[in-house]
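[1] need coordinates for the following:
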Amino acid sequence: MNSDRQQHTTATPVRIEGIGLHTGKPVQMEFLPADAGTGIVFVRTDLAGEPLIRAELANVVSTNRGTIISENGASVNTVEHVLAALRGSGVDNLVIRISNEEPPAGDGSSLRFVELIQQAGRVPQETERTDCRVNEIFSLVEGDKSMVYLPSDRFEVTYHLAYRDNIIPPQHIHVVVDEQSFVTRIGRARTFGFEHEFEMLKNNNLARGGSLENAVVINNSGTVINPEGLREEQELILHKVLDLVGDFSLIGRRVKGHIIARRTGHNFNVKFARLLNEKFNQSLTRKDSDMMYIEEIKSILPHRYPFLLIDRILSIVPGESIIGIKNVTANEEFFNGHFPGKPVMPGVLMVEAMAQVAGVLFLSQPEHKGKTPFFCGIDNVRFRRPVVPGDRLEFHAKVLKVRGNTGKVEAEARVDGELVTGGELMFQLV
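    This next block holds a predicted model:
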C-alpha cells in the first residue's frame, strides 16, 4: 500500500503541559496512538466518566475567538492549533487526554504540538485515507467575507487579509499546505491580537492566559510590541491559514482543493467546511470522472509538443464541464521570443489552452473519439493580467450548446483564483 495514502497515528505516547490561552487554567495533555478509523478524539480526564469529545463538525458549538467542540456533556476550547498541527504533520488517528477544558497555549502557534508529534514519531496503518475533494466550483459570501473552492489535486490556500481600520496593511499569500510548508512556516505562525482589545477580551473571559510569550500584540499605530518582533514578514496572515487548516480538519478527511479566502475567521471557516463536506457527500452519488494525466490526454488530443498546452485534467462531468491545469515554466518554447528578458505567455496560447481543455471534454466522449477540433469563433475574450513563469493556470470550461459536431463553451483561466482571461469558444469536430 502507498504510504502517502495510508492513515497514520503516533508511535508512542507523549505529554505536554501549560496554561490555556483564553481560560488561563493549568492543563496537562497527552497524545496516545489510536486505531485506524478512530479520527481525533479528546478525553476530559478531569471529569467523571472521562467523557469523549470527537473532533467533528457536528460537535462545533462556538467559534468566538476560537473553535469549541462539545459532546457527552463536555467541551474542549480552542482546538484549532492542535488540530492544525495534526493535519499538517500527517496524523489521522489520535486520542488526546486533556486535564482541563483548553489545550496548552504553547507559544501561540502550532509549533509545540508539531514538536510533540515529531518526538512521538508516526506509524502507517493498514486503512487508506479518504480525501475530501469535489469536482465543482462553489463559494460562500457574507458581507466582506468570502471563500471559494476550486478543484485541485492538492490542498492550497490563497488568503487575503484586510482590516477596515488598516492597522495591519492588506496582505495576500498563496501557499500549498503540505508537511514541509506547515512545519517550516504555517505551524510557526503565532496568534495575534490588538492592544486596544485586551480589556474587552478580559471582560468576556477571553485571553486570560494571553501574554507576549504566546501571542503577537499590535498597538494602535500598527507596531508589533513583542521585543522579538515577527518570526517572518507574513506571520500574521500565515496564522490565518493555520486557523483555516485547523478548522477544516474537523471535516474528518484530508481536503484536496484550492481555497480562496478573504477576511475569514473561525465562524466563517466552519460554515464553509460544512458546505464543502455537504458537497463532498453529494459528489459520492454523481458520476464524475477521475483526473487524467498527460499520457491519457495525449491519447485523446491530437496535439503534441510544442503545442500541447495542458498538463493534467483534474475533473470531468461528462457532457457538462471540465477543469484542467497548465504549469507555466521558464522552459516554455514561446518564451524565447515572447519576450526576451521579460517572459509573458502569449494571449492567443492561453485561448488555445482553454480550447484544448474543452477539446478533451468533447473528444473523451465515445461518439467523438478520434476527431479533430477546429475553431469556429471566439467571443468576449478579455486578458486581465500577464501570465509568467511559475504561474499555474487553472482552466474551467462549461458546455453552453451542442448541435451535432458543433459546440459552444464558456471558458476561463485563473491563476491563484484570480481570473486572467475568459470568453466563449465555438468549434467543430471533424
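
[2] for the rest of this, base every contact and every neighbour count on C-alpha atoms.
    Fine.

[3] can you pull out the helices in the stretch 251-400 of the chain?
    Ranges of helices within the stretch 251-400 of the chain are 266-283, 294-300, 347-363, based on DSSP state H, counting those that start in this stretch.

[4] okay, those in TSV with mean neighbour count, mean pLDDT and distance to residue 329 next?
    Shown next, in TSV, are the helices of the stretch 251-400 of the chain (neighbours: other C-alpha atoms under 10 Å; pLDDT from 0 to 100; distance: least, C-alpha to C-alpha, whole Å):
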stretch	mean neighbour count	mean pLDDT	distance to residue 329
helix 266-283	18	96	32
helix 294-300	15	91	16
helix 347-363	22	94	14
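
[5] need those in a markdown table (columns: distance to residue 12).
    Shown next, in a markdown table, are these (distance: least, C-alpha to C-alpha, whole Å):
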| stretch | distance to residue 12 |
| --- | --- |
| helix 266-283 | 31 |
| helix 294-300 | 42 |
| helix 347-363 | 48 |
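
[6] ranges for the strands of the stretch 101-250 of the chain?
    For the stretch 101-250 of the chain, the strands defined by DSSP state E, counting those that start in this stretch cover 122-128, 131-132, 138-142, 145-150, 155-161, 171-176, 192-194, 216-218.

[7] deepest of those, which one?
    strand 216-218 (a mean of 22; mean count of other C-alpha atoms under 10 Å).

[8] touching, residue 70 and residue 60? I think so.
    Yes. Taking contacts as C-alpha atoms under 8 Å, residue 70 lies within contact range of residue 60: 6.4 Å.

[9] contacts only, for the residue nearest to residue 312 when sequence neighbours are not counted.
    Excluding its sequence neighbours, the residue lying closest to residue 312 (C-alpha to C-alpha, 6 or more residues apart in numbering) is residue 293, at 5.0 Å. Residue 293 sits next to 311-313 when contact means C-alpha atoms under 8 Å, 6 or more residues apart in numbering.

[10] which ones among these map onto strands?
    312-313 (DSSP state E).

[11] scan the contacts of residue 293 and report the most crowded one.
    residue 313 (26 neighbours; other C-alpha atoms under 10 Å).

[12] give me every residue that touches that residue.
    For residue 313, the contacting residues are 291-293, 297, 322-325, 357, by C-alpha under 8 Å, 6+ apart.

[13] quick check: the nearest residue to residue 400 once chain neighbours are set aside vs residue 319, distance?
    Closest residue to residue 400 apart from its sequence neighbours, by C-alpha to C-alpha, 6+ apart: residue 409 at 5.1 Å. According to C-alpha to C-alpha, to the nearest Å, residue 409 stands 11 Å off from residue 319.

[14] likewise for residue 412?
    Counting by C-alpha to C-alpha, the gap from residue 412 to residue 319 is 17 Å.

[15] helix or strand with the lowest mean pLDDT in the protein?
    helix 198-203 (a mean of 77; mean pLDDT, DSSP states H and E).

[16] please enumerate residues in contact with that one?
    Taking C-alpha under 8 Å, 6+ apart as the rule, helix 198-203 contacts 207-208.

[17] pull out the buried positions in it.
    Along helix 198-203, the positions that meet the burial threshold by neighbour count (16 or more other C-alpha atoms under 10 Å) are residue 198.

[18] next one: stretch 234-253
    235-253.

[19] state the mean pLDDT of that stretch.
    Stretch 234-253 shows an average pLDDT of 98 in the prediction.

[20] export that stretch to CSV, keeping only CA atoms.
    Extracted in CSV, the C-alpha atoms of stretch 234-253 (Å, rounded to 0.1, in the frame of the first residue of the first chain):
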residue,chain,number,x,y,z
GLN,A,234,4.0,37.2,6.7
GLU,A,235,3.5,35.6,10.1
LEU,A,236,0.1,37.3,10.7
ILE,A,237,-1.5,36.1,7.5
LEU,A,238,0.1,32.7,7.9
HIS,A,239,-1.6,32.3,11.2
LYS,A,240,-5.0,32.9,9.5
VAL,A,241,-4.0,30.0,7.2
LEU,A,242,-3.1,27.9,10.3
ASP,A,243,-6.6,28.6,11.8
LEU,A,244,-8.2,27.6,8.5
VAL,A,245,-6.3,24.3,8.3
GLY,A,246,-7.3,23.5,11.9
ASP,A,247,-11.0,24.3,11.3
PHE,A,248,-11.1,22.3,8.0
SER,A,249,-9.6,19.3,9.8
LEU,A,250,-13.0,18.9,11.5
ILE,A,251,-14.3,17.5,8.2
GLY,A,252,-12.5,14.3,9.2
ARG,A,253,-10.9,13.9,5.7
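
[21] domains in this structure, as residue ranges please.
    The chain breaks down into these domains under automatic domain parsing: 3-128, 132-283, 294-429.

[22] winner for burial among those domains?
    domain 3-128 (a mean of 20).

[23] can you say which of the strands of the stretch 101-250 of the chain is nearest to residue 115?
    Residue 115 sits nearest to strand 122-128 of all those, at 12.1 Å, using C-alpha to C-alpha.

[24] what pLDDT is listed against residue 289?
    Model confidence at residue 289 (pLDDT) stands at 62.

[25] my bad, should have said residue 216
    96.

[26] before we move on, what about residue 3?
    Per-residue pLDDT puts residue 3 at 67.

[27] check residue 164 too.
    In this prediction residue 164 is given a pLDDT of 79.

[28] cool, and residue 168?
    The per-residue pLDDT reported for residue 168 equals 89.

[29] what do residue 409 and residue 319 both touch?
    By C-alpha under 8 Å, 6+ apart, residue 409 and residue 319 have these common neighbours: residue 399.

[30] so who does residue 17 touch?
    When contacts are taken as C-alpha under 8 Å, 6+ apart, residue 17 is in contact with 26-29, 104.

[31] so residue 41 touches residue 56, yeah?
    No. Using C-alpha under 8 Å, residue 41 is not in contact with residue 56; the gap is 9.0 Å.

[32] intersection of neighbour lists for those two?
    Shared contacts of residue 41 and residue 56, defined by C-alpha under 8 Å, 6+ apart, are absent.

[33] gap between the two ends of stretch 257-267?
    End-to-end distance for stretch 257-267: 20 Å, by C-alpha to C-alpha.

[34] what's that stretch in contact with?
    Contacts with stretch 257-267, where a contact means C-alpha under 8 Å, 6+ apart, come from 62-67, 133-134, 144-163, 240, 243-244, 247, 416-417.

[35] with stretch 387-405 instead?
    With contacts defined as C-alpha under 8 Å, 6+ apart, stretch 387-405 is touched by 319-330, 343-345, 354, 357-358, 407-416, 420, 428-430.
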